[in-house]
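*Asks:* A structural model of the following input is requested.
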Amino acid sequence: MKTIEAVSIWDNGTVQQATILNAYAVNVTLNTSATFYYSLMSQVEGVVGNQLAQGNLTMTGEAYTDWTVDNYAWDWIAEQLNLVITGEYVPPVPPEPTPEPTPIVEEVTEE
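*Replies:* Predicted coordinates:
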């Protein structure tokens, strides 16, 4: 997943901001084409929020023959959707739980 410059998207009667692009190949025909599924999502407190848009894009011709590394595909998808990639999406790391203090138990000795 990649972070993108915010894009306003109409979603169920309100305007939402998509700031995450997700994409993956769903069909690759060797030496011919690749179809990518993409989704644009919101972000709430650093965590992936609602999916605001989705679809498929098919890469063919020179674009397909030039595709040798993943970053090329990401850049191609962003170009097709008129998006600007700003970086990798890194989910927030939840804080480590604080251990419960061990109660101190005094030994009672009988005399």
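*Asks:* could you use CA atoms for every contact and neighbour count after this?
*Replies:* OK.
*Asks:* now the helices for the protein?
*Replies:* Under the criterion DSSP state H, the chain carries helices at the ranges 61-66, 70-80.
*Asks:* just say which of those is most tucked in.
*Replies:* Ranked by mean neighbour count under mean count of other CA atoms under 10 Å, the helices of the chain are led by helix 70-80, which reaches a mean of 15.
*Asks:* now render the helices of the chain as JSON lines, adding mean pLDDT and distance to Asn27.
*Replies:* JSON lines is the format used below for the helices of the chain (pLDDT from 0 to 100; distance: least, CA to CA, whole Å):
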{"stretch": "helix 61-66", "mean pLDDT": "96", "distance to Asn27": "13"}
{"stretch": "helix 70-80", "mean pLDDT": "97", "distance to Asn27": "14"}
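*Asks:* now those helices in CSV, with distance to Ile20?
*Replies:* Listed next are those as CSV, based on distance: least, CA to CA, whole Å:
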stretch, distance to Ile20
helix 61-66, 23
helix 70-80, 11
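*Asks:* and the closest residue to Ala73 other than its chain neighbours, how many neighbours does it have?
*Replies:* On the basis of CA to CA, 6 or more residues apart in numbering, the spatially nearest residue to Ala73 that is not a chain neighbour turns out to be Trp67, at 6.5 Å. Summarising burial for Trp67: neighbours were counted as other CA atoms under 10 Å, giving 15.
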